[in-house]
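Visitor: Build me a model:
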Amino acid sequence: MLQEAWMMPFAFCTREKRWCEFAEPVNGESTQFLQEFALKYNMVIISSILERDINHGETLWNTAVIIGNHGNIIDSLEYYSFLFKLGTSMDPVAFVDCNC
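Guide: Residues are numbered from 1 along each chain as shown. The predicted structure is shown next:
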């Protein structure tokens, strides 16, 4: 299991549009990269990506992709479509829509 949004700099604390450029489809470059490792080393990988959902108005999701040991995508789970807006502490104080 990889850390959340491992394929990009930590950006959930900002609202800058440039971070949205890291978003990709579930079967994008990051997932394809990991599919090769899953197949080669016969392991299951859970990868968190910033997903650009082209089927739903290019909404951005924080998505977990489950890659099987045969290099196949078993499933994906979009678990929120927001970016954090942080206050002075490191606790999220509000959510903001992220349709970038």
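Visitor: the helices in this structure, which residues?
Guide: Along the chain, the segments classed as helices by DSSP state H run 29-41.
Visitor: for it, which spans come out with low pLDDT?
Guide: For the chain, the stretches flagged by pLDDT under 70 are 9-18, 80-100.
Visitor: run the last query once more with 50
Guide: 82-100 (pLDDT under 50).
Visitor: how many neighbours does the residue lying closest to Met43 once chain neighbours are set aside have?
Guide: Using Cβ to Cβ, 6 or more residues apart in numbering and skipping the chain neighbours, the partner closest in space to Met43 is Asn69 (5.6 Å). Bear in mind the C-beta positions are built from the backbone N, C-alpha and C, glycine included. Residues near Asn69, counting by other Cβ atoms under 10 Å, number 14.
Visitor: give me every residue that touches Asn69.
Guide: By Cβ atoms under 8 Å, 6 or more residues apart in numbering, Asn69 lies in contact with 38-39, 42-44.
Visitor: Test of understanding: give the bridge partners of Ile66.
Guide: Under the criterion DSSP bridges, Ile66 forms beta bridges with Ile46, Asp75.
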